[in-house]
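J.: Quick one, fold the following:
(one chain, ligands or ions: 1)
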Amino acid sequence: MAEKIEQFSNIHEPQHKPQLLKASPGDFMRPASRTRASHSPQANGIGVQVEDTKICVVMVGLPARGKSLIAQKVVRYLEWLSITAKCFNVGNYRRAGTPQPNASFFDTSNKEGEQLRKAAAEAAVTDMCKWFKTTDNLIAILDATNSTKTRRRWIKERCDAENIETIFVESKCDDEDLIMSNILEVKTTSPDYKGMDPEEAARDFRNRIKMYEKVYETLDEDEADLTYCKIIDVGSKVIINRIQDYLQSRVVYYLMNLHIKPRSIWISRHGESEFNLSGQIGGDANLSSRGQMYAKVLPDLVKQSAGDAPLTVWTSTLKRTAQTARWLPYEKLSWKALDELDSGVCDGLTYAEIEQQYPEDFKARDEDKYNYRYLGGESYRDVVIRLEPIIMELERSENILIVTHQAVLRCIYAYFMGSSQKKSPWMEVPLHCLIKLTPRAYSTQEERLHADVPAVSTFREKGSAAVHQDSGEASTRPSPVISGQTKG
Ligand SMILES: O=P(O)(O)OC[C@H]1O[C@@](CO)(OP(=O)(O)O)[C@@H](O)[C@@H]1O
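T.: The predicted model follows:
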């Protein structure tokens, strides 16, 4: 380890400046090693393409087909990848004038209702076009039923006039159970039905769906000139038409991997390691004896939270995660992409040693922890880029338990909870704690279970020199569950 550090120091020290890598919308598709050189997006072909493309993703489908859930997920995914995206929900514009209409408002023979709904769509599209004037704003999601060919043609023409590409994304689903659970979960909590008896709300909502069914036109050959993606029965069949460029295909690829069946994701750091005990970062150390105790109790903790649900365990390729997962009675997969953030020349040092040997870097990391890249190593931004295939696989999967590392866990958590780049690298993730995340229609639900096994704290607060190494008691709480929720 020491040898490696010295070698790197010799090469870099004289001209070395702390590596601060700022955001660039195209970063997620460039190899990490090229990110710095191609600082300006105009400097490489892929960057130019991304910067020049503005896309409006137009949702299509009857009410209660999961359109808003899909729209929210796409925005969160893109934002996580530093692609500026925004959802324009036409219902919110309509509610500004007509807060709680009943089903007859949506009858197309109701002229006044028709006018007000058209005005809401007009206002949303106008705002969206304004939003696109800002250079970095790249992808908008227009969330509405957009259920007729006329309406879709109108949106396409408005976007064409502004040089905005359109992808129509239809969610078509006839599965009664799914529609019913959507009606109950989403719509009885919708602002349209606030304060209303849930049964009455569900009835009214069913009537509203009937109104839309009278005029609804699915995407078909008449619209063969449109770029579209038709998701049938929650992804069991997907039809794509005229996908044109890289960014469009990335969005479509993500959509193709989504499913909205109920499931949970569990994430845990590995048990306390020998390096955690000595305060060293990185490395490939074994578990400490308390870490091994955590590995022993983890199966029970998981059972307490997941019951008999089938699950698959994912670990990194480092010893401490495999040792933590060893007693779990489930299928296991190890992923290189889940390895801890590479701390380059600082691998094996304590935070105090880093501050002493690389004071400028230490300061630069505190100033912008998300973008700071360790010399010869990685930044949080780099980790997000390499985690993208993991997220894609997670979206395709059902119940998964991930045993990983502090920085990687923060990045995965940020994807599900929509945490900002400023906050997520500073999130406190105690050792010996199992986090359960359950994606819901508009949010991800969180529960934390703490094992009754003491561990050091590896959390270093911004601006402080060293980690608070506790006696092993303070960071642990044998408390059962803390719950929280965030917008999805
Ligand atoms: O980004 P910071 O807050 O330094 O956290 C990442 C660090 O967490 C550590 C522990 O300090 O992870 P891990 O528990 O997997 O060993 C280091 O190895 C890693 O460099």
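J.: okay, the residue in the stretch 151-300 of the chain that the ligand sits nearest to: pLDDT?
T.: For the stretch 151-300 of the chain, the residue closest to the ligand is residue 281, as judged by CB to the nearest ligand atom, at 3.6 Å. Placement of C-beta: from N, CA and C, glycine included. Note for residue 281: predicted pLDDT of 98.
J.: so how far is residue 437 from the nearest residue to it once chain neighbours are set aside?
T.: Closest residue in space to residue 281, ignoring its immediate chain neighbours: residue 343 at 5.2 Å, by CB to CB, 6 or more residues apart in numbering. Going from residue 343 to residue 437 by CB to CB, to the nearest Å gives 26 Å.
J.: what's the pLDDT at residue 476?
T.: Residue 476 carries a pLDDT value of 36.
J.: I'd like to know which residues of this protein are adjacent to the ligand.
T.: Proximity of the chain to the ligand, by CB under 6 Å from any ligand atom, involves residues 269, 273, 275-276, 281-282, 340-341, 343, 405-407, 425, 458.
J.: Show the buried residues in these.
T.: Neighbour counting by 16 or more other CB atoms under 10 Å classes 269, 273, 275-276, 281-282, 340-341, 343, 405-407, 425, 458 among these as buried.
J.: In helices, which of those appear?
T.: 275, 276, 406, 407 (DSSP state H).
J.: burial count for residue 396?
T.: The tally of other residues near residue 396 (other CB atoms under 10 Å) stands at 12.
J.: Tell me who's in contact with the residue lying closest to it once chain neighbours are set aside.
T.: Residue nearest to residue 396 in three dimensions, not counting chain neighbours: residue 257, with 4.8 Å by CB to CB, 6+ apart. By CB atoms under 8 Å, 6 or more residues apart in numbering, residue 257 lies in contact with 235, 392, 395, 396.
J.: in a helix, that's where the second one is, yeah?
T.: Yes - counting by DSSP: H, G, I helix; E, B strand; the rest coil, residue 392 is found in a helix.
J.: need the helices for the stretch 101-250 of the chain, in chain order.
T.: In the stretch 101-250 of the chain, the helices defined using DSSP state H, counting those that start in this stretch lie at 111-132, 149-161, 176-185, 198-215, 246-257.
J.: Give me the domain ranges for this protein.
T.: Taking the TED database as the criterion, the chain consists of the domains 55-257, 265-450.
J.: Compare the mean pLDDT across those domains and name the weakest.
T.: Note on the domains of the chain: domain 55-257 shows the lowest mean pLDDT, a mean of 93.
J.: thinking again about what came up before, let me know which of the helices of the stretch 101-250 of the chain is tucked in deepest.
T.: A comparison of the helices of the stretch 101-250 of the chain by mean neighbour count, using mean count of other CB atoms under 10 Å, puts helix 246-257 on top with a mean of 18.
J.: Apart from its chain neighbours, what residue comes closest to residue 355?
T.: Once flanking residues are discounted, residue 355 sits nearest to residue 362: 4.4 Å by CB to CB, 6+ apart.
J.: now do residue 222
T.: Once flanking residues are discounted, residue 222 sits nearest to residue 149: 6.5 Å by CB to CB, 6+ apart.
J.: And the strands in the stretch 1-150 of the chain?
T.: Using DSSP state E, counting those that start in this stretch, the strands of the stretch 1-150 of the chain run over 19-20, 55-60, 84-89, 137-143.
J.: cool, the stretch 351-488 of the chain as well?
T.: Under DSSP E, counting those that start in this stretch, the stretch 351-488 of the chain gives strands at 372-373, 400-404, 433-439, 443-450, 481-487.
J.: Of all the ones you listed, which one is nearest residue 128?
T.: strand 481-487 (20.0 Å; CB to CB).
J.: need the contact list for residue 197.
T.: Residues near residue 197 by CB under 8 Å, 6+ apart: none.
J.: I'd say the residue of the stretch 151-300 of the chain closest to the ligand and residue 346 touch.
T.: Yes - using CB atoms under 8 Å, residue 281 is in contact with residue 346, at 6.5 Å.
J.: Mutual contacts of the two, please.
T.: Residues touching both residue 281 and residue 346 by CB under 8 Å, 6+ apart: residue 354.
J.: quick one: contacts for the residue positioned nearest the centre of the chain?
T.: In the chain, the residue lying closest to the centroid (CA atoms, centre = their mean) is residue 415, at 2.6 Å. Going by CB under 8 Å, 6+ apart, residue 415 touches 76, 77, 80, 387, 391.
J.: Perfect, that will be all.
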